[in-house]
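starting from these lines, generate the structure:
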Amino acid sequence: MIKYLKSILCIMLLGAVLPSYAYSANDAADLSYRVVATVTDSSGSLKSSFEVGEEIFVKLSLSYTGAGRAPVYGFQGKLQFDSYVLQNTSVKTEKDISMKYSGGAVNYVYLDMTASGKEDSMLQNIGTAVFQARNTGTFSFSLSNFILTNKDATHRYIEPFEEVQIIVGSGVKDTSKALLYEDIVAAKALLASVTIADNPKTIYDPDFWYPTQAAQKLREVIAEAEAVFDKEAALASEISAAVEKLSIGVSNFENSKIVGPKRWAGPDGSNSTIEFYYTVRASVEGGNGKIADGFEVQTIRATTSATIRMIPGEGFETEYIIINGEKFIGRDIYTIPEVSRDTTVVVTFAKKTPFTDIAHDDWFYSSVRYVYNKGLFTGTSETEFSPSGRMSRAMLATVLYRMENQPNVEFANVFSDVQSGQWYSEPIIWANQSKIVNGYGTGKFAPNDAITREQIAVMLYRYAKSKGSDLQTGISSLSFKDADEISDFAKESITWAVSKDIMKGNNDLTLNPSGLATRAEVATMLQRFNELE
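The predicted structure is shown next:
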């Protein structure tokens, strides 16, 4: 009897084991996984809060959540992170698993090349990605496109990944610096997505290409922006200037786009190109230079580019190129990227400045040249303009005084901190008598205080009012994120300045009313003010 019972027990055990054995050979049933991310510092201690500059190690592994077990035939997936906050510095691969950083994610790939699968122990350590904290901020590691492949090429279930939050520094991003980074990434993506070539013969409308010279200029602007981004102690004014310069660089690059010529079917049914030609006429307004011989009148094939060369007079440079009424910053050689109609070009020349600390590619260059040539600004020395230097309250009063042709003023003891005989004495007294400035209400003007953006708007508004200018705005409220930070005394003035495009917000939809203005920023606002129609 006992022998009989043992036989039955053996049969039952075999019945339980054999199906499991079969599943193991052919990918186990009830086979599912969970991805686990382990975040540590360089000592191996679990951690979620780091300081800028600290190393961060992220190890991925898979654990079973079902009862089955099976060899591994392949898997893939992406570990995504905020590349503004962290920089991937290296990867530590395991067991033939490929790890590679690309586009803000670490990509994991494994494919069995033996057709026999890999031991499932490999899942215990998929690999480790090493990062360096580069900027303050908060984000969560996340997974996407994570797939594990079985022997029969089916995909196994992977439970939702539990995101791991990381805090660096204060955990709060520098909004302007994060915006600069996003713009850098977007500019690089633009370059990578288009065709860069010179006069290709295989691209036809509606396809297009960009000249290699234009691409190189954009690469240079991107490199300059990256240098500012990588600068640990970058000033807000430097970041703002980099954002604007990169925006101009991208715009100039996009304007260099050349659309291929149109191609139609010929009489015999074959493809042929039918070409049209347009006339480009260039002339000078105001003298001080000329159009180079051979460039005054040109016949240009439709949708191709036209280059114009200018020869400035001694001590002058090309100021503006006006193409069919649209104004562009001038250069001595200028290329119209695409001619699509008869085109009229008008060129103006301006006197060069003596300043060695500004360059033609600076976003504020034309405005600095404008205020210098109008006699509104002088340099901080014979050869320096100091574009990033702070503008004081006395400086702006002096500029407005010059705009008014420096009328005679009888000095009066209006402010206790404005004495007779100072370089700013007459301008400040004139501005007070013209109801442009009132001081701080304590009997002081604080001439050397750096001026804020909202104070600039107030002084320009009051100056425009004293001249009888149109102060209608056409808008009743401002949509900037920090509009509630505008002081009550400045709300009307800032609304007017924004409506007239004298003052513009930042790309992050802030106005920064209490921010201190640089000499370059004030020069730009003054040019816009003077050129109001």
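
which residue is the nearest non-sequential neighbour of the residue positioned nearest the centre of the chain?
Residue closest to the mean C-alpha point of the chain, counted by Cα atoms, centre = their mean, is Asp183 at 2.2 Å. Once flanking residues are discounted, Asp183 sits nearest to Leu246: 5.1 Å by Cβ to Cβ, 6 or more residues apart in numbering. Any C-beta I mention is one placed from the backbone N, CA and C, and that applies to glycine too.

just Ile336 next, same as before
Once chain neighbours are set aside, the closest to Ile336 by Cβ to Cβ, 6+ apart is Ala306, at 4.6 Å.

one more: Gln165?
Take Gln165 and drop its neighbours on the chain: the residue closest to it by Cβ to Cβ, 6+ apart is Ser140, 4.7 Å away.

what mean pLDDT does whatever helix or strand that neighbour lives in get?
Element membership for Ser140, per DSSP states H and E: strand 137-149. Mean pLDDT, taken over the full extent of strand 137-149, equals 84.

that strand pairs with which strands?
For strand 137-149, the pairing partners within the sheet under DSSP bridges are strand 74-80 (antiparallel), strand 155-159 (antiparallel), strand 164-168 (antiparallel).

can you pull the contacts of the residue nearest to Gln165?
With Cβ atoms under 8 Å, 6 or more residues apart in numbering as the criterion, the residues that contact Ser140 are Glu163, Val164, Gln165, Ile166.

among those, the buried ones, what's the PyMOL command?
Buried residues within the contacts of Ser140, by 16 or more other Cβ atoms under 10 Å, are selected in PyMOL with:
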select buried, resi 164+166
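
determine which two of the contacts of Ser140 are furthest apart.
Maximum pairwise distance among those (Cβ to Cβ): 9.9 Å, between Glu163 and Ile166.

list the buried residues in stretch 399-415.
Neighbour-count burial for stretch 399-415, counted by 16+ other Cβ under 10 Å, picks out Val399, Leu400, Tyr401, Arg402, Met403, Glu404, Val409, Phe415.

which residues are common contacts for Glu163 and Ile166?
Counting by Cβ under 8 Å, 6+ apart, the residues touching both Glu163 and Ile166 are Ser140, Phe141.

and the next helix or strand past the helix or strand bottoming out on mean pLDDT in the chain?
Each helix and strand of the chain was given a mean pLDDT (mean pLDDT, DSSP states H and E); the minimum falls on helix 2-25 at a mean of 41. Secondary structure here is assigned by DSSP H and E; on that basis, the next helix or strand after helix 2-25 toward the C-terminus is strand 32-40.

how far off strand 74-80 does that following strand point, in degrees?
Orientation note: strand 32-40 sits at an angle of 40 degrees relative to strand 74-80 (axes from the mean of the first three to the mean of the last three Cα atoms, to 10 degrees).

off-centre distance for strand 32-40?
Average the C-alpha atoms of strand 32-40, do the same for its chain, and the two points are 34 Å apart (Cα atoms, centre = their mean, to the nearest Å).

in terms of secondary structure, what does that strand contact?
Counting contacts by 3 or more Cβ pairs under 8 Å, 6 or more residues apart in numbering; DSSP states H and E, strand 32-40 packs against strand 55-64, strand 137-149, strand 155-159, strand 164-168.

who are the contact partners of the nearest residue to Gln422 once chain neighbours are set aside?
Spatially, and ignoring its direct neighbours in sequence, Gln422 is nearest to Pro447 (7.7 Å; Cβ to Cβ, 6+ apart). For Pro447, the contact set (Cβ under 8 Å, 6+ apart) comprises Ser392, Arg393, Ala394, Ala397, Asp417, Val418, Gln422, Tyr424, Ile428.

10 Å - rerun?
392-395, 397-398, 415, 417-419, 422-425, 427-428, 439 (Cβ atoms under 10 Å, 6 or more residues apart in numbering).

out of those residues, which are buried?
By the neighbour-count criterion of 16+ other Cβ under 10 Å, these include these buried positions: 392-395, 397-398, 415, 418, 424-425, 427-428, 439.

returning to what we had before: what comes up buried for the strand holding Ser140?
Under the neighbour-count criterion of 16+ other Cβ under 10 Å, strand 137-149 has Gly137, Thr138, Phe139, Phe141, Ser142, Leu143, Phe146, Leu148, Thr149 buried.

out of the residues you listed, who's nearest Thr175?
Gly137 (10.5 Å).

so Ile475 sits right up against Val498, yeah?
Yes - in terms of Cβ atoms under 10 Å, Ile475 counts as a neighbour of Val498; the distance is 7.5 Å.

higher neighbour count, these two?
Neighbours per residue (other Cβ atoms under 10 Å) separate Ile475 from Val498, with Val498 holding more: 20 against 11.

number of residues surrounding the residue lying closest to the more buried one once chain neighbours are set aside?
In space, and not counting its chain neighbours, Val498 is closest to Leu478: 6.2 Å by Cβ to Cβ, 6+ apart. When neighbours are counted by other Cβ under 10 Å, Leu478 registers 18.

which helix or strand contains Leu478?
Element membership of Leu478 [criterion: DSSP H and E] is none; it lies in no helix or strand.

please apply the same query to Val106.
strand 105-111.

got it, and Ser251?
Mapping Ser251 onto the secondary structure by DSSP H and E places it in helix 236-255.

give me the next element, helix or strand, following that helix.
strand 258-259.

same for that next one, what does it pack against?
Using 3 or more Cβ pairs under 10 Å, 6 or more residues apart in numbering; DSSP states H and E as the contact criterion, the neighbours of strand 258-259 among helices and strands are strand 208-209.

sheet partners, orientation included, of the strand it packs on?
The pairing partners recorded for strand 208-209 under DSSP bridges are strand 258-259 (antiparallel).

okay, now Ala192: neighbour count?
When counting by other Cβ under 10 Å, one arrives at 9 neighbours for Ala192.

distance of it from Ala225?
With distances defined as Cβ to Cβ, to the nearest Å, the gap from Ala192 to Ala225 amounts to 16 Å.

repeat that for Asn448.
Counting by Cβ to Cβ, the gap between Asn448 and Ala225 amounts to 33 Å.

one more: Glu521?
Glu521 is 18 Å from Ala225, where distance means Cβ to Cβ.

and Gln455, by the same measure?
Remark: distance between Gln455 and Ala225 (Cβ to Cβ) = 30 Å.

go on, Val39?
30 Å.

who has more neighbours out of these two?
The residue with more neighbours, out of Val39 and Ala225, is Ala225; 23 against 18, by other Cβ under 10 Å.

noted, bye for now.
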